[in-house]
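In: Quick one: sequence plus predicted model below, questions after.
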Amino acid sequence: MIRTIPILSFLTILFGCGPQTGQSANSDSAQQSGEYKDLGPSEMADKMKSEPGTVLDVRTPQETAQGVIEGAVLMDFYEDDFPQRFKELDKEKPVYVYCAKGGRSSNAAEMMVEAGFTKVYNLDGGMTAWEAADMPTQQ
């Protein structure tokens, strides 16, 4: 029993709670420690106004034909050259990434953080949530 206490303490420290690098975090300090932040539609719209950057749509051409967030740069997550193409964006400017529901954009956000982007924001719920919140889109 006495020997298990130091082992448990070590494991608690090693595998402690909280988000790990490259995962979503919900505090501004996360932006400085190599993590992206999930934002809801109104939060995302406010952040895009107060801190302009690149709006990145990672959906397919068939999906983007239904409408996009104004000014979005289109880069299909499923294209083979996606990992090279997003690296051409300015790593120091905020990047607001979204997809249809949030899965691909979460993966893209994680890839961007790993590539050295400093401010990455993922639209929680994707374009589905954006449209449900009656946020503006363009064709």
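Out: Everything's here; your move. This is a predicted model, so every value here is computed, not measured.
In: Could you check how far stretch 35-45 is from the centre of its chain?
Out: Centroid separation for stretch 35-45 versus its chain: 8 Å, with C-alpha atoms, centre = their mean, to the nearest Å.
In: how about the closest residue to Met111 other than its chain neighbours, secondary structure?
Out: Nearest non-adjacent residue to Met111, counting by C-beta to C-beta, 6 or more residues apart in numbering: Pro83, 6.5 Å away. All C-beta spots, glycine's among them, are computed from the backbone N, C-alpha and C. At Pro83 the chain is in helix, as set by DSSP: H, G, I helix; E, B strand; the rest coil.
In: where does this structure have its least confident helix or strand?
Out: The weakest-scoring helix or strand in the chain, judged by mean pLDDT, DSSP states H and E, is helix 4-14 (a mean of 39).
In: Could you find the residue nearest the spatial middle of the protein?
Out: The centroid of the chain falls nearest to Asn122 when counting by C-alpha atoms, centre = their mean (3.0 Å).
In: beta partners of it?
Out: Asn122 forms beta bridges with Asp38, Val97, as assigned by DSSP bridges.
In: State the distance from it to Tyr96.
Out: Using C-beta to C-beta, to the nearest Å, Asn122 is found at 8 Å from Tyr96.
In: shared neighbours of the two, which are they?
Out: Common neighbours of Asn122 and Tyr96 (criterion: C-beta atoms under 8 Å, 6 or more residues apart in numbering): Leu39.
In: could you pull out the helices for this structure?
Out: For the chain, the helices defined by DSSP state H occupy 4-14, 41-50, 61-64, 82-85, 103-114, 126-132.
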